[in-house]
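Visitor: sequence? don't have it. structure:
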């Protein structure tokens, strides 16, 4: 029991020196990657750079204790940072203490919600986000993030939380482009794109061992940070020599070097209420991303992820972030893959990363003063453009138009109206499309394939039907979305066929019936009775039969429940069945002699 | 084509003198019932009495042209009137011209929405309202309506749109009870309850012919109206003689006697926006009630209802109400049953009712001056208490707890927070419960029943399984709600079984796969591949196979798609299958000799 809630008890006792070495190597590599990312995502969220560092310490320690994934690396990520900026920007002005306070509250609320969902085992709520919606949302977010960073590359002011506002604002300020910033920004972006694709092959070609090359290739951002910081510092020195007031390149500036003191977030009922929906969306989006990364990595080593425990661990990580002055965190995709590739064996690797990040926060911050914001913007652009997958749209369209529609709506609304409306539009549309599809399920009128006990669709097969019996097969669970549809279908059949005496509902594909469906079956039964027609059921599955047995149907049904459709036809159209089964002697004799009409199923 | 949109062309040409006679008799009886109801429901909606009369003329004419039900009687109904009062009370003060204007706008918006839904064939949206939610909503509405009328019976002032507010307000004003009003109110209520249950048996016992007795029994409300109006007029005369200022009994008062002039509702973007959601809820609730009454009556004569055309007809009826100064209308249950029982043959009966109501509006309104409001309140109470069905809750609980929970939530929220929040709470909860149920579908690990080609749940049957093959049968369509669940299930199996070499997904109950499920199958396939396990599918249905064929799965699947589960086991565990099928020689020889392993299904 304790092990379920504290997975550290699972792997901790058998922790060895070898595991320590493997975890520590992974931690060093992840830290090198995480320093520029944590600074960059804090700026993306509109927060001071040090908040990114704080969000990369406590959350990692908490996840190491509660997480079930051996390789997941939590911390600030691009999409959650964008969502934070959008949500917090609604309630406070960037740069104010209220803005930082609201970001901390957002992490706190998100942590509480995740924790509550984990304890109540409500992980299924993440199922509201279909794959096309989440994929469309991430693509659109990536485009917005990239657009929002262009101002830092150009050295201009531009604002907006959706693509149109951003692009218009960029064009409006295009006259203010700052040339040195532009050169650093474009140069860094170009280098990072090159490093991402070509650095490893380049190093291997130069004779570096492949494993080392893989690790060195990940150091691109850190190299860019170091080089441009030195360049920017030199330019500032040169400007000072020439008597100018700085180089004009926007830099990160003073970053406090101490560790954050634990503090409770400010309580303000109105603020909490306004941040509740954004916190829920950040929680669910972050959880979906986390769980899919964690499962992908766990499968490679045949390990198990507990989805409900992951909610608890991610909730704890966010509470950790909030109590140490950070902002919302989730599992990062690229970072976790690096952690896994670098050989992380246990969640302890995350704890070591946290310790290294704390050391960096204590010692390296003075060196970050001259780091150009354009470099961080370049880091973000290169990272998020890999998330943009516009080709998914035509790919999904090829096999599912409703899903493609939900994805397109998510992308367009996110780009045009912002992240929250985008995700809500996608979720609403996919729910409506799902209900639409299951409200009009595939329904077949079936007849008997001559000489067999098979019953197939009259439109697709040459089958025999009795003039006074119609058999309707519904290929879907019966529930509120299609209960009325079923009534319409039966109504149409009895209106079209004046000779009708029996209706059989054939239910092999019905996995579930809810109260609406039961009431519809009752209504159909009553209406058919009024019209002098008998209603029967056939091939009802066990769990469905159990539920029907507790409903009023057994007492009211005018007809019977048959184990098989063939039994139903033997009872309702014995002459016809005898003829069509002429080849199988045993059946013929049973039905034609009328001696032993098969018994119907008894309700338990 | 024209006939589809104008059902009158269907029955109009063959209209005969006999049909006219039958329709006219029904129209007279419905009119007698409708006069007090239309006045009462207008007062329930907080509107002047004549608005109820107006809403019983034009809408009936429009429905006669566009409706597909032969017996449906549209007009003001209790639940829609309550919803109108709740919605309009939010935007204007009762008794003001703005209040009436807002009620007309509500009818206009509702008409436009229903018409648009009909043209776009969006009738499936009504499926969002499950039976338990609508039933709970109507029960709660009936209780609120009855409580809201008690003030008229007591002759006191009391206000509130939910049960608690109403009851508290009634208690607060209990000292102001007006005795003559109370006597009329209680007397009328008692008489109407008696008339409803006992008048027909009483008349039959007195020697009245049963058919005539049925009709006479329906005249209870009109008798009560006549008797109490005369009483109230006499009391007023007596009071005048004695020098008092009226009798103190609240009466309907002046009712304008002209017909309404056609007029467009006032346009006010802000008002329309605020009434949009209430209009949608009234439309959907009204439509659901209408269609279920219409289908019940149509089935008795084996007639056909076109659900999408009913949207158009009901939309037209509401536009008619709005353009003639009325308020939202829907098909009434009791009224339609009376119309049907009285022998209405075509929608023309509704048109005749409209003509009779117009005549009544022109001639009878002066007689309504002294009609006590307590009489109308008694009419409403007796009508709505028949809608209250609290026993439905335990009945539904017996076979479906989630549905009972949704129903209970709808009742409690409607009673406590009002009609709009009640219905939204019910819809949200039933959607969440549906997703919850289908997000954790029944999943069985299956094995072969020895000596047969059947594969059943290992937990329920004595079956044979191969140590390196696991077969997972999912009893649900695969879509976004359960895609991740499937990933968890497979993950758990491979983590639990280190010898695993093959996973077979057995899909006989999968009626549908969406893009999320396809991406989950892809993810499972990749993860299993990383872990050295092959993924196969078996017993995939035709339409599902068609969709899979257009997806990336055929190119990526590490295993095969087998027509039957037995084929899969013959291919993956030939030795085992040979042994378990030992009794059926043909199968044994095929598999054991390894000569002819059954071919897998080819993607088309």
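Guide: Received the coordinates, thanks. A quick note: this is a predicted structure, and the numbers were derived from the prediction, not measured.

Visitor: Report how many residues lie close to residue A:196.
Guide: Other residues near residue A:196 number 17, with proximity taken as other CB atoms under 10 Å in any protein chain shown. C-beta here means a position set from N, CA and C on the backbone, and glycine is covered the same way.

Visitor: With residue A:232 instead?
Guide: 25.

Visitor: and it, what is it in contact with?
Guide: The contact partners of residue A:232, by CB atoms under 8 Å, 6 or more residues apart in numbering or on different chains, come to A:184, A:247, A:249, A:251, A:370, A:371, A:372.

Visitor: what's the last one in contact with, if anything?
Guide: It stands for residue A:372. Neighbours of residue A:372 in contact, by CB under 8 Å, 6+ apart: A:181, A:184, A:185, A:228, A:229, A:232, A:249, A:250, A:251, A:252.

Visitor: of the contacts of residue A:232, buried ones?
Guide: Listed as buried from these are A:184, A:247, A:249, A:251, A:370, A:371, A:372; burial here means 16 or more other CB atoms under 10 Å in any protein chain shown.

Visitor: Tabulate these (TSV), appending secondary structure.
Guide: Listed next are these as TSV, based on DSSP: H, G, I helix; E, B strand; the rest coil:
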residue	secondary structure
A:184	helix
A:247	coil
A:249	coil
A:251	strand
A:370	coil
A:371	coil
A:372	strand
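
Visitor: Residue A:444 against residue A:461, yeah?
Guide: No: the pair residue A:444 / residue A:461 is not scored as a contact, 9.8 Å apart, by CB atoms under 8 Å.

Visitor: For these two, indicate the residue with more neighbours.
Guide: residue A:444 (18 against 14).

Visitor: The more buried one belongs to a strand?
Guide: Yes: per three-state DSSP, residue A:444 lies within a strand segment.

Visitor: what's the helix or strand for the most centrally placed residue in chain A?
Guide: Centroid check for chain A by CA atoms, centre = their mean gives residue A:288 as the closest residue, at 3.6 Å. Using DSSP states H and E, residue A:288 sits in helix A:269-300.

Visitor: Run the chain-centre distance for that helix.
Guide: Its chain's C-alpha centre and that of helix A:269-300 lie 9 Å apart, by CA atoms, centre = their mean, to the nearest Å.

Visitor: pLDDT on the one helix or strand residue A:411 maps to, on average?
Guide: If you go by DSSP H and E, residue A:411 is part of helix A:401-417. In this model, helix A:401-417 has an average pLDDT of 91.

Visitor: Counting by contacts, list what it packs against.
Guide: In terms of contacts (3 or more CB pairs under 8 Å, 6 or more residues apart in numbering or on different chains; DSSP states H and E), helix A:401-417 is packed against helix A:131-154, helix A:163-172, helix A:392-399, helix A:419-439, helix B:515-530.

Visitor: Can you say which of these is packed in most?
Guide: Greatest average neighbour count among the helices and strands packed on helix A:401-417 goes to helix A:131-154 (a mean of 25), per mean count of other CB atoms under 10 Å in any protein chain shown.

Visitor: Now do it against helix A:401-417: the angle between them, please.
Guide: 30 degrees (axes from the mean of the first three to the mean of the last three CA atoms, to 10 degrees).

Visitor: Now do helix A:131-154, average pLDDT.
Guide: Averaging pLDDT along helix A:131-154 gives 88.

Visitor: any low-confidence regions in chain A?
Guide: Along chain A, segments meeting pLDDT under 70 span A:161, A:581-604.

Visitor: And the strands in it?
Guide: Secondary structure of chain A (DSSP state E): strands at A:74-75, A:330-331, A:443-448, A:455-457, A:469-474, A:502-506, A:534-538, A:561-562.

Visitor: Would you tell me whether the fourth one gets close to chain B?
Guide: So that's strand A:455-457. No: on the criterion CB under 8 Å from any CB of the partner chain, strand A:455-457 is out of touch with chain B, staying 9.9 Å away.

Visitor: and if you look at the second one?
Guide: No: using CB under 8 Å from any CB, strand A:330-331 stays clear of chain B, coming no nearer than 14.8 Å.

Visitor: who does that strand pair up with?
Guide: Here strand A:330-331 has these sheet partners by DSSP bridges: strand A:74-75 (antiparallel).

Visitor: Near the nearest residue to residue A:191 once chain neighbours are set aside, how many other residues are there?
Guide: Closest residue to residue A:191 apart from its sequence neighbours, by CB to CB, 6 or more residues apart in numbering or on different chains: residue A:224 at 5.9 Å. Residue A:224: 25 surrounding residues under other CB under 10 Å.

Visitor: residues touching residue A:326, list them.
Guide: For residue A:326, the contacting residues are A:51, A:54, A:55, A:56, A:57, A:58, A:59, A:76, A:104, A:107, A:260, A:320, by CB under 8 Å, 6+ apart.

Visitor: Now rank those by neighbours and give me the top one.
Guide: Using other CB under 10 Å as the neighbour criterion, residue A:55 leads the contacts of residue A:326 with 36 neighbours.

Visitor: I'd like to know which of the contacts of residue A:372 is nearest to chain B.
Guide: residue A:185 (35.6 Å; CB to the nearest CB).

Visitor: Which part of the stretch 151-300 of chain A gets nearest to chain B, residue-wise?
Guide: residue A:299 (3.1 Å).

Visitor: So residue A:418 is in contact with residue A:83, correct?
Guide: No: contact criterion CB under 8 Å: residue A:418 and residue A:83 do not qualify, at 9.6 Å.

Visitor: which of these two has more neighbours?
Guide: Using other CB under 10 Å as the criterion, residue A:418 and residue A:83 rank with residue A:83 on top: 28 against 23.

Visitor: tell me the contacts of the more buried one?
Guide: A:141, A:278, A:281, A:282, A:285, A:328, A:419, A:420.

Visitor: swap the cut-off to 7 Å and go again
Guide: Counting by CB atoms under 7 Å, 6 or more residues apart in numbering or on different chains, residue A:83 makes contact with A:278, A:281, A:282, A:285, A:419.

Visitor: Format those residues as TSV; extra columns: distance to residue A:26.
Guide: Formatted as TSV, those follow (distance: CB to CB, whole Å):
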residue	distance to residue A:26
A:278	33
A:281	31
A:282	27
A:285	26
A:419	32
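
Visitor: Now narrow the residues you listed to whatever sits close to chain B.
Guide: Checked against chain B using CB under 7 Å from any CB of the partner chain, the contacts of residue A:83 give no members in range.

Visitor: farthest-separated two in these?
Guide: A:278 and A:285 (10.5 Å; CB to CB).

Visitor: Get me the contact residues on the stretch 351-500 of chain A for chain B.
Guide: So the stretch 351-500 of chain A meets chain B at A:396, A:398-400, A:403, A:430-431, A:434-437, A:439-440, A:442, A:475-476, A:479-484, A:487-488, A:491-492, A:494-495 (CB under 7 Å from any CB).
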